[in-house]
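>>> quick one, what's the 3D model for this:
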Amino acid sequence: LPHFPVQELVNTVWAIARLSYQHPGFQSAVCLAVSQKVAQYRARDLANTAWSFARVKCVHLPLLKTISSCAVAQSHAFLPQELSNLAWAFATLQFSDLTAMDVISVEALKKLQDFAVQHL
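Predicted coordinates:
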């Protein structure tokens with residue numbers, strides 16, 4: 001996993017979540033691989049990764065903090081669905097970062113007219 005390019009790593013994490021695959025050793029390896037590359041992630045990658053971890057209830061606080069800080073730095077780049085997915089993931093994992101949630105809220109308000117009903 002550490003040698004996977006960013007897109008393949010994001011796709012793998014998403015596929016694991018879609019399958020609801022939960023193996024502690026594999027989840028640890030995935031967390032480590034993502035932690036090493038998350039600074040290279042785009043907004044979509046951050047949202048999809050957070051969603052994927054939430055889907056399988058994988059709480060890795062250092063990684064969530066890094067995803068959160070990267071999301072704040074890239075907040076302007078998030079599409080409405082990505083904002084929704086990120087907020088849903090943080091809520092599902094009971095991860096609280098008030099700065100990130102403030103930024104997500106501000107960006108969501110700016111893009112409110114672009115949200116589809118299911119993303120609200």
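
>>> what's the helix or strand for residue 17?
Counting by DSSP states H and E, the element that carries residue 17 is helix 6-18.

>>> apologies, that question was intended for residue 59.
Taking DSSP H and E as the definition, one finds residue 59 inside no helix or strand.

>>> what bits of the protein have low per-residue confidence?
Across the chain, the ranges flagged by pLDDT under 70 are 119-120.

>>> list the contacts of the spatially most central residue of it.
Nearest residue to the geometric centre of the chain (C-alpha atoms, centre = their mean): residue 50, 2.3 Å. Shown in contact with residue 50 (C-beta atoms under 8 Å, 6 or more residues apart in numbering): 64, 67, 71, 85-86, 89-90. In this view, the C-beta of every residue, glycine as well, is placed from N, C-alpha and C.

>>> tell me which residues are up against the helix holding residue 17.
By C-beta under 8 Å, 6+ apart, the surrounding residues in contact with helix 6-18 are 1, 4, 26, 30, 33-34, 37, 40-41, 45, 48-49, 51-53, 55-56.

>>> my guess is residue 82 contacts residue 45. True?
No: counting by C-beta atoms under 8 Å, residue 82 does not reach residue 45; the two are 9.4 Å apart.

>>> could you pull out the helices for this structure?
Under the criterion DSSP state H, helices of the chain are mapped to 6-18, 24-37, 43-55, 61-73, 80-92, 98-110.
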